[in-house]
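*Asks:* here are the coordinates; sequence isn't available:
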Ligand SMILES: C[C@@](CO)(OP(=O)(O)O)[C@H](O)COP(=O)(O)OP(=O)(O)OC[C@H]1O[C@@H](n2ccc(N)nc2=O)[C@H](O)[C@@H]1O
Ligand SMILES: Nc1ncnc2c1ncn2[C@@H]1O[C@H](COP(=O)(O)OP(=O)(O)O)[C@@H](O)[C@H]1O
């Protein structure tokens, strides 16, 4: 068999249609109930075979590339090292080229997408033959959102977000995504909601968070209007406390008749559900013209998780 020279893997961004944040657990993570939904903003990761002993390297371009670390803290690099360790490779020899289409620290799981992409890429490049279960288990080790970046589609997340149940959702949804100039720290936003709860400035968490039945019914029916009305995010007050200017984008979404609008995950990206593509264009124009967003994208959901799009053999 000819050696594989390079592979390209594409991985999607996520939004949380609902994010219920429970109390802090003994391990420092929050117990979650969330509905993940993969949307069509993508990172593309090329993985090339290199000289034996060369190790892992990564270059990054695309949106907010300057904010992505290129050292061992990059989640794609961590994923490559984990695969190498798992399959007993002495040296993880791979050169990554990462093209970012997902905002960095935007609450859209961009780093998790890259970790998932790297798992799929290294498995293919090194002919590791890892199965779905093994990939999902390694994904959970890399981060709470990484398993969903592998799975894609629409899925309920529980535990710290890593335990997934796919949702049989009907319909395709059109999202307008308002990007911010700078990211928000995920631990910072979780810390803020804890402080706000302690100070009585945010509702107390339920011990075992649960997903709203109306949201599940809307997804089963493929009813965009009902879905828009049930979008919710327990982290939103904390993200807004740290980035009050996001209110402006949410206000514009309401004015232009978005079916729903929320902060995505830990923010600062805000996402709006449109009625159709012409309504999505109206929303995008209004958000851009107001200056409430640094950049605006339109994307469909659900889309698949991290997947191989090209393989080059020598
Ligand atoms: C908030 C969410 C919602 O989907 O996504 P983002 O908005 O960041 O994309 C996730 O919970 C982020 O998941 P992810 O970014 O993978 O988090 P991890 O690397 O596992 O953890 C980073 C830090 O976030 C906090 N954390 C994360 C998950 C969780 N269930 N409880 C937490 O308290 C902890 O402070 C942890 O140290
Ligand atoms: N491949 C990567 N892409 C983006 N950020 C990364 C990556 N690897 C590590 N990081 C770090 O992870 C942090 C969170 O990034 P990201 O996953 O994009 O955001 P979020 O947790 O809000 O979804 C970034 O600030 C960055 O320092």
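*Replies:* Ah, there it is. None of the values given here were measured: they were computed from a predicted structure. Numbering: from 1, shown residues only. Ligands and ions are numbered 1, 2, ... in the order given.
*Asks:* longest helix in the chain, by residue count?
*Replies:* helix 110-125 (DSSP state H).
*Asks:* for ligand 1, what are the nearby residues on this protein?
*Replies:* 16, 19, 29-30, 32, 34, 107-109, 112, 143-145, 160-161, 186-187, 190, 265-266 (Cβ under 6 Å from any ligand atom). Quick note: C-beta positions are derived from backbone N, CA and C, even for glycine.
*Asks:* mark which of the residues you listed are buried, thanks.
*Replies:* Buried residues within the residues of the chain next to ligand 1, defined by neighbour count using 16 or more other Cβ atoms under 10 Å: 16, 19, 30, 32, 34, 107-109, 112, 143-145, 160-161, 186, 190, 265-266.
*Asks:* picking that back up, who does the longest helix of the chain touch, helix- and strand-wise?
*Replies:* strand 4-24, strand 30-49, helix 75-87, strand 94-100, helix 132-142, helix 146-151, strand 307-313 (3 or more Cβ pairs under 8 Å, 6 or more residues apart in numbering; DSSP states H and E).
*Asks:* out of those, which gets nearest to ligand 2?
*Replies:* helix 75-87 (3.8 Å; Cβ to the nearest ligand atom).
*Asks:* what is the mean pLDDT for that closest one?
*Replies:* Mean pLDDT, helix 75-87: 97.
*Asks:* buried stuff in that helix?
*Replies:* 75, 76, 77, 78, 79, 80, 81, 82, 83, 84, 86, 87.
*Asks:* before we move on, what about stretch 186-206?
*Replies:* Those would be 186, 189, 190, 192, 193, 194, 197, 202, 205, for stretch 186-206 by 16+ other Cβ under 10 Å.
*Asks:* and that stretch, average pLDDT?
*Replies:* Stretch 186-206 comes out at a mean pLDDT of 96.
*Asks:* same deal with stretch 217-234?
*Replies:* Mean pLDDT, stretch 217-234: 98.
*Asks:* quick one: that stretch to chain centroid distance?
*Replies:* Here stretch 217-234 is found 19 Å from its chain centre; the criterion is Cα atoms, centre = their mean, to the nearest Å.
*Asks:* ok, residues contacting it?
*Replies:* Applying Cβ atoms under 8 Å, 6 or more residues apart in numbering, the contact partners of stretch 217-234 are 16-21, 35, 154, 167-171, 173, 193, 202, 205, 209, 212, 214-215, 239, 258-265, 273, 275.
*Asks:* any low-confidence regions in this structure?
*Replies:* Across the chain, the ranges flagged by pLDDT under 70 are 1-2.
*Asks:* let's see that with 90 instead.
*Replies:* Scanning the chain for pLDDT under 90 picks out the ranges 1-4, 52, 90-91, 168, 181-182, 207, 310, 312-314.
*Asks:* spatially central residue in it, please.
*Replies:* residue 109 (2.6 Å; Cα atoms, centre = their mean).
*Asks:* next up, the contacts around the closest residue to ligand 2 within the chain.
*Replies:* Of all residues in the chain, residue 111 sits closest to ligand 2, at 2.8 Å by Cβ to the nearest ligand atom. Taking Cβ under 8 Å, 6+ apart, we find residue 111 in contact with 74, 75, 104, 143.
*Asks:* in CSV: these, plus distance to residue 302.
*Replies:* Below are the contacts of residue 111 laid out as CSV (distance: Cβ to Cβ, whole Å):
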residue, distance to residue 302
74, 27
75, 22
104, 23
143, 21
